[in-house]
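*Asks:* Sequence and computational prediction follow.
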2 protein chains.
Amino acid sequence: MKYESTKEALEALNKWQETIAAYAHAMGVMYLDATTAAPSDTWEGRGRTMGVLSQVVYDLTANSENGELLSYLEARQEELSPLEKREVEVFRKNYDQTNRIPAEEYVAYNVLLNDAQNVWHKAKLEDDFESFAPYLEKIVAYNRKFAGYYHPEMKTYDALLNEYEEGMSMETLDAFFAQLRQTIVPLIDQIQKTAQINDSFLFRHYPVETQRVFSDNLMAVMGIDRSHCGIAETEHPYTTNFNNKDVRITTHYYENNLVSSMFSVVHEGGHALYELGVEDRYNYTALAGGVSMGIHESQSRFYENIIGRSQAFVHAIFPKVKELFPEQLSDVDETMFYRAINKAQPSLIRTEADELTYPLHIMVRYEIEKRLMDGSLEVKDIPALWKKLYKEYLGVDVPSDREGCLQDSHWSGGSIGYFPSYALGSAYGPQMLHKMEEDLGDVWQDVEKGDLSKVTGWLREHIHRHGSYYKPGQLFENVCGKFDAKYYTDYLTEKFTKLYGL
Amino acid sequence: MKYESTKEALEALNKWQETIAAYAHAMGVMYLDATTAAPSDTWEGRGRTMGVLSQVVYDLTANSENGELLSYLEARQEELSPLEKREVEVFRKNYDQTNRIPAEEYVAYNVLLNDAQNVWHKAKLEDDFESFAPYLEKIVAYNRKFAGYYHPEMKTYDALLNEYEEGMSMETLDAFFAQLRQTIVPLIDQIQKTAQINDSFLFRHYPVETQRVFSDNLMAVMGIDRSHCGIAETEHPYTTNFNNKDVRITTHYYENNLVSSMFSVVHEGGHALYELGVEDRYNYTALAGGVSMGIHESQSRFYENIIGRSQAFVHAIFPKVKELFPEQLSDVDETMFYRAINKAQPSLIRTEADELTYPLHIMVRYEIEKRLMDGSLEVKDIPALWKKLYKEYLGVDVPSDREGCLQDSHWSGGSIGYFPSYALGSAYGPQMLHKMEEDLGDVWQDVEKGDLSKVTGWLREHIHRHGSYYKPGQLFENVCGKFDAKYYTDYLTEKFTKLYGL
């Protein structure tokens, strides 16, 4: 036997985890650079480097010594602490998954993604789906294949869904989305018949330089420690974390839109608070970082919508908004601002959608991914189906692929099965709020003063600090009990009934 | 024997080179991020990652299989192309050097440098040499030790000098600097007695936002392809290259100084042109990139001084400068501007020193490094000696360590023995210019029109494209014949005699 003692085996496990964390860090910084600072024609060299490092990570993970190490530790469960047990469990999952992908495919896929992200970026700018299609075809083909490697016993799309949210399935999502549509569609119909909210002042001229100052303010109100969290600018906003002391968010400024970046910052800030709140002891282990996309999105969308689009939050920040943009908002008061940022209106761009119509954007992507994965849809037919579904679900005409199926970075990054996490995360939030209010009583008086410490403190205590220690379903149930979408539909109904006086 | 054929061994060599290039790329991007975008308190995690990756690079380089590979290839010299021979030669140098440093020290040193750079950065901002001193002590101790590993037969400082410029020694430099002082000191004395040049308008208010636009203009005039070269902002300007298609320069803007960033951009732009001009075939091999610090500085200082501070270049860019800063320069004409940017005046900051007094700044650092390496100077005594030497060489009083021995990043980055390359590079330039003019005739008519293509074309043909294929001394001699500092001293004498009407 290779290991002399459990202690020695655990040391090997730690070393492995630290090494993998280092590669993830380096590759993460390269991705950050690629999307924020790198000159346009530099992807070839980066692709080679990512290829080499991906191969190393593959070899480090898939190698047979790890199999021995795992078996050794799994046979000594009773000697392990709960933390060590969970590390072994996550390691096992990683090991099995990686070993199910042949090395060549793993590396080729990572090289493909590096190329695809560059091509997508350009294709979006130039509204040129055709140039991106061959890359997406390959990504789709890889994902269909990988799904079979991951969970040969599952349907293709179920296997991918399960990667982002353990235990998720089309059966669950079909039911969840049906329940959502039952609430949302009638609400939207009623809203369409009432007086429209004026939000035109949000689209006046807002200089980027001042919007940058506004971002700093928002991050300060959110209590984000800037010595551990940076902000940069990218085509598509995202959050990345290298450890719990080094988190970065990005946003995208539009000169004629105050709220696009505002809610990107609050959304990504929610992701950042999650990562910053993970306990130190998980750093450089497989348990570092948020546990799943669904839980992650529950946090980002909690801050974006439940907090960021609340009357209390608007009350807290509106004086600063007026101070920064006195001319643009000279004819606007707090209530008008609150109503404007909550205006429910079917639209084209997911990331700028209001809280109510947002899940419909997800359902479009869900339908397309489902069909790509069961083989009933070809990549070349995505633009047409996208337009058809947007018309059907949201009643809007899609004028270009740039504002249509090229808008999101997810597919170019290889994420198929991710989108439903957004809807799921949105649905987790109101149930968490319910529990939070049960525990703490009224939190809104503090929010109104721009003090989110109670809210963030509760989320940190119950969600953030645990990192990936609990499985996502278990973490949610520990805190909120069984998931029930009714909290979400009730929340939406109450908010929008009141807002529109329905 | 491990290798079946020379072909197989060469494939192993290529794979090794590509792998090392990938790690260098990743670590380079992490350093770029650390100095440009990273939040302040993120160095701990980065240190761990750099530690892990440094260890991997060490293991990849020092491992005994490489020894076998090298011996195999060295025994088959006659089957190798000149390019392959040189690759093996560089590989051997790397291998021997790395093997002379024990793995633990190599990794600990890299971790130390990561910490030291953060501490230095803060120490400089806060004018707090004491906080940096313990780190510098360790860096000095490591360098003294490493010098013994590299070249036990040499004096300590000679061994380090040799790392940056093969064949360099204190003997050569002592003579070179003495010759320089013989020219410079009397010139400065004469200049001090003549009417002073007015350069006060360079220190009016120049908004950073407009200076950024100016940087873009300068890079355009230099013919730098922005799709392969980015610019960022750091405390201390530098250039880094990941391959010949991905180069980054940095600058530092001061609101009350137009020329600090201007000449940083032109200087770093010179480094960038060198890297961008290396032939594709050297990419991802040990021959990629500029061959030595001296040759590198010869390029950066060629653009900065010989071109950037010439009458012709000023003629080319002055209309744009006036357009960008019409109010600040309303009372300034081209000649005044040319004279101002060439004003010779002993000062405190090396990177902002004029062309004539610059070498004296290097001599201060050279003296200090010499004494640190022969053990006759302790780190704690650097500030006092720095002040003494600045008084002696330049006649100026140093009011703070921030403007004194903390001004440069080199020591915190572990570079001891690097500074003389700057003086050497400065001295190479005029001899290259002499040869260029012999080959091309007058190049200044083009420069006057803002067209540097002839100049850059010549440098690319004779210097840039070769990467590290030739040793620095050989490269220089191939182009210019034997190095003679007289070209440099003649150039300085002529330029400043004319400028000041001496």
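*Replies:* Good, I have the coordinates.
*Asks:* The stretch 151-300 of chain A: strands as residue ranges?
*Replies:* Assigned by DSSP state E, counting those that start in this stretch, the strands in the stretch 151-300 of chain A fall at A:229-233, A:239-243, A:246-251.
*Asks:* Figure out which of those is closest to A:Thr285.
*Replies:* strand A:239-243 (10.3 Å; C-beta to C-beta). Every C-beta, even on glycine, is put in place using the N, C-alpha and C of the backbone.
*Asks:* Tell me which other helices or strands that closest one touches.
*Replies:* helix A:6-36, strand A:246-251, helix A:259-276, helix B:43-62 (3 or more C-beta pairs under 8 Å, 6 or more residues apart in numbering or on different chains; DSSP states H and E).
*Asks:* Redo the strands of the stretch 151-300 of chain A as JSON lines? Include mean neighbour count.
*Replies:* What follows is those, written out as JSON lines (neighbours: other C-beta atoms under 10 Å in any protein chain shown):
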{"stretch": "strand A:229-233", "mean neighbour count": "21"}
{"stretch": "strand A:239-243", "mean neighbour count": "24"}
{"stretch": "strand A:246-251", "mean neighbour count": "26"}
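*Asks:* Mind putting the helices and strands packed on strand A:239-243 into TSV with distance to A:Gly473?
*Replies:* As requested, those are exported to TSV (distance: least, C-beta to C-beta, whole Å):
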stretch	distance to A:Gly473
helix A:6-36	24
strand A:246-251	25
helix A:259-276	17
helix B:43-62	30
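*Asks:* got a markdown table for these, with mean pLDDT and distance to B:Tyr338 too?
*Replies:* Shown next, in a markdown table, are the helices and strands packed on strand A:239-243 (pLDDT from 0 to 100; distance: least, C-beta to C-beta, whole Å):
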| stretch | mean pLDDT | distance to B:Tyr338 |
| --- | --- | --- |
| helix A:6-36 | 96 | 38 |
| strand A:246-251 | 98 | 43 |
| helix A:259-276 | 97 | 44 |
| helix B:43-62 | 92 | 43 |
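*Asks:* Of all the ones you listed, which one comes closest to B:Arg212?
*Replies:* Per C-beta to C-beta, nearest to B:Arg212 of those: helix A:6-36, 16.3 Å.
*Asks:* hmm, that closest one touching chain B?
*Replies:* Yes - on the criterion C-beta under 8 Å from any C-beta of the partner chain, helix A:6-36 is in touch with chain B at A:18-19, A:21-22, A:25-27, A:29-30, A:32-33, A:36.
*Asks:* low pLDDT regions in chain A?
*Replies:* Where chain A drops to pLDDT under 70, the residues are A:1.
*Asks:* And for A:Pro326, the neighbour number?
*Replies:* Neighbour count for A:Pro326, taken as other C-beta atoms under 10 Å in any protein chain shown: 9.
*Asks:* residue in the stretch 301-450 of chain A nearest to chain B?
*Replies:* Of all residues in the stretch 301-450 of chain A, the one sitting closest to chain B is A:Leu324 (17.8 Å; C-beta to the nearest C-beta).
*Asks:* doesn't A:Thr210 make contact with that residue?
*Replies:* Yes - if you go by C-beta atoms under 8 Å, A:Leu324 and A:Thr210 touch, sitting 5.4 Å apart.
*Asks:* if you count what's nearby, which of those two comes out ahead?
*Replies:* Per other C-beta under 10 Å, whichever of A:Leu324 and A:Thr210 has more neighbours is A:Leu324, with 17 against 14.
*Asks:* Contact residues of the stretch 251-400 of chain A facing chain B?
*Replies:* Residues of the stretch 251-400 of chain A lying near chain B (C-beta under 8 Å from any C-beta): A:283-284.
*Asks:* so does the host helix or strand of A:Glu104 get close to chain B?
*Replies:* Per DSSP states H and E, A:Glu104 falls inside helix A:103-126. No - counting by C-beta under 8 Å from any C-beta, chain B has no neighbours in helix A:103-126; the shortest distance is 11.8 Å.
*Asks:* closest one to B:Tyr393 among the helices and strands packed on strand A:239-243?
*Replies:* Per C-beta to C-beta, nearest to B:Tyr393 of the helices and strands packed on strand A:239-243: helix B:43-62, 35.0 Å.
*Asks:* Nearest residue to the residue most central in space within chain A in space, please, no chain neighbours.
*Replies:* When C-alpha atoms, centre = their mean is applied to chain A, the residue found nearest the centroid is A:Glu297 (4.9 Å). Nearest non-adjacent residue to A:Glu297, counting by C-beta to C-beta, 6 or more residues apart in numbering or on different chains: A:Gly425, 2.6 Å away.
*Asks:* Looking at the stretch 351-500 of chain A, which residue is nearest chain B?
*Replies:* Counting by C-beta to the nearest C-beta, the stretch 351-500 of chain A gets nearest to chain B through A:Gly467 (14.8 Å).
*Asks:* show me the contacts for A:Leu324.
*Replies:* Residues near A:Leu324 by C-beta atoms under 8 Å, 6 or more residues apart in numbering or on different chains: A:210, A:213-214, A:217.
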